[in-house]
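>>> heads up, no residue letters with this:
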């Protein structure tokens, strides 16, 4: 299967990414770029986007990128730094890039930028690469 086939198959069954309104802009081996618009119901009591929103966008890009090589991969560790506030109406783009790959583990970095191309979050994730392949 191609990276695009895998991402499409994953997205079909990913109700959460669909609810967030995430779209896949680009997918390639070890790489994925996703996009979404922040809605009012995604904000917290400070009227800024809940941190889980940028985390979820980055996590989805990470998932698509890490599975793009054909081996089913599952997250085993993630972390995020929020660098700027995000508001309702903002459009966010997350770009996931593979940084290290072995038979059983892979590490990805994801940058999340707003519509002004300002970094709003930096995410890092490690996956366990299972022996199961996408068919």
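That came in fine, so what should we check first? Predicted model only: the values in this text are computed from it and were never measured.
>>> Tell me where the longest strand sits in this protein.
strand 119-133 (DSSP state E).
>>> Mean confidence (pLDDT) on that one, please.
On average, the pLDDT along strand 119-133 is 97.
>>> Could you give me the buried positions within that strand?
Buried residues in strand 119-133, counting neighbours by 16 or more other Cβ atoms under 10 Å, are found at 120, 121, 122, 123, 124, 125, 126, 127, 129. Heads up, the C-betas are built off the backbone N, CA and C, glycines and all.
>>> One more: stretch 103-116?
So, applying 16+ other Cβ under 10 Å, buried residues of stretch 103-116: 106, 107, 108, 109, 110, 111, 112, 113, 114.
>>> what's residue 14 in contact with, if anything?
residue 60 (Cβ atoms under 8 Å, 6 or more residues apart in numbering).
>>> before we move on, what about residue 77?
Contacts of residue 77 (Cβ under 8 Å, 6+ apart): 125, 126.
>>> go with 10 Å
When contacts are counted by Cβ atoms under 10 Å, 6 or more residues apart in numbering, residue 77 touches 105, 107, 124, 125, 126, 127, 128.
>>> so which helix or strand takes in it?
Element membership of residue 77 [criterion: DSSP states H and E] is strand 71-82.
>>> Also residue 54?
Assigned by DSSP H and E, residue 54 falls in helix 51-67.
>>> Counting by contacts, list what that helix packs against.
The contact analysis (3 or more Cβ pairs under 10 Å, 6 or more residues apart in numbering; DSSP states H and E) places helix 51-67 against helix 3-12, helix 15-20, strand 23-28, strand 31-37, strand 71-82, strand 91-101, strand 105-113, strand 119-133.
>>> what comes up buried for it?
Buried, per 16+ other Cβ under 10 Å, within helix 51-67: 53-67.
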